[in-house]
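# Dropping a prediction and its sequence here:
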Amino acid sequence: MPFKILVDSASDIPVDRAKAAGIETVPMPVTIDGNTYLEGVNLNIQDFYTQYRRYKELPKTSQPNPNTLLEHYERWLSEGCDVVAIHLSSGLSSTFATAQMIAETTSAPERVHIIDSLGASFGYGLLAILAQQVLASATTWKDAEAEILDIRAKMRYIFTLDTLEYLVKGGRVSKTAGFLGGLLDVKPVLQMTSEGKIEPFVKVRSRRAAIRKLAEVLEEEIDHPEEQIIGISHSACYEEALILAREIQERVVVKDIWISDIGCVVGSHTGPGTLALFYQRKV
């Protein structure tokens, strides 16, 4: 039984890597100053960050259109594939819950498998790519599911922000935390919990220290680094992504490091200057 993996665009998988892995991306809507766009269709990442600080209000995001999800699922079912849909964390979005409901309305609900990534950005993009490798040799969904969920459990998401301003405005952290962060020039390092929610991890006093902390945590936690592809994603701070990659390579030997842009959906909430790191840790 062939399998087809679908992700939503908050996975931030570069187009070439998605194509190479045979993964299809469903665009998510982003509303900017009253106009709604589809990420990856009529919304350009570079323009988005260039204009970000000029927007009258923070961009707003929403889940994919349910009819769009249904169309994607049905198309691959009609071609004889089982559908494996990996969506943005249920701790951050209602997309997963909607996808579950849509799956039940398809022509073959038993062949549509919905996974809560419990993550965001290229971390669950990597999860999808690794899941595709698992599914390539699987004969049934039962054979593959436990292995994919094991990969999900090991996936680590840590990131740093240039400013807490946008998370505060979006209600992701308290105004008090935002005020103190700006007053003391604190650069927060945050993480995704096992429930797929964002929480503080540690605070450092400079951007350089935050980048160093990301590399230090990876060095302490990573499982079999020589076998792993490390993911780094960034929002309009590519040079710092390269610095982080070099910092990691000085500490551990890894299979490869892939750098991606943080897309417009995730970037709507974190703003420019976000730097994120993804890998599988020991559990």
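Arrived safely.

# Go ahead and measure how far stretch 129-140 is from the middle of the chain.
20 Å (Cα atoms, centre = their mean, to the nearest Å).

# actually stretch 58-71, sorry about that
Its chain's C-alpha centre lies 16 Å from the corresponding centre of stretch 58-71 when counted by Cα atoms, centre = their mean.

# Residues touching that stretch, excluding its own?
With contacts defined as Cβ atoms under 8 Å, 6 or more residues apart in numbering, stretch 58-71 is touched by 8, 26-32, 48, 52, 85, 93-95, 98-99, 101-102, 105-106, 166, 169-170, 264-265, 268-269. (C-beta placed from N, C-alpha, C; glycine too.)

# Any regions of the protein where pLDDT drops low?
Applying pLDDT under 70 to the predicted model, the residue ranges of the chain that meet it are 1, 168-185.

# middle-most residue in it, spatially?
Nearest to the mean C-alpha position of the chain, counting by Cα atoms, centre = their mean, stands S121 at 1.6 Å.

# dump the residue contacts of that residue.
The contact partners of S121, taken as Cβ under 8 Å, 6+ apart, are A10, S11, D12, Y157, S233, S260, I262, G263, V266, A276, F278.

# Would you mind giving those as TSV with distance to K19, secondary structure and neighbour count added?
Formatted as TSV, the contacts of S121 follow (distance: Cβ to Cβ, whole Å; DSSP: H, G, I helix; E, B strand; the rest coil; neighbours: other Cβ atoms under 10 Å):
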residue	distance to K19	secondary structure	neighbour count
A10	18	helix	33
S11	14	helix	31
D12	15	coil	29
Y157	24	strand	24
S233	18	strand	27
S260	14	strand	21
I262	20	coil	29
G263	16	coil	28
V266	21	helix	26
A276	23	strand	28
F278	20	strand	28
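
# Quickly list the domain ranges of this structure.
3-153, 155-280 (automatic domain parsing).

# circling back to that earlier point, now, which of the contacts of S121 sits nearest P188?
Comparing these against P188 with Cβ to Cβ places A276 closest, at 12.7 Å.

# which non-adjacent residue is nearest the closest one?
On the basis of Cβ to Cβ, 6 or more residues apart in numbering, the spatially nearest residue to A276 that is not a chain neighbour turns out to be F159, at 3.6 Å.

# contacting residues for V30?
Contacts of V30 were listed using Cβ under 8 Å, 6+ apart, and they are T36, Y37, L38, E39, L43, F48, P59, K60, T61, C264, V265, S268.

# that's a strand at the second one, yeah?
Yes: counting by DSSP: H, G, I helix; E, B strand; the rest coil, Y37 is part of a strand.
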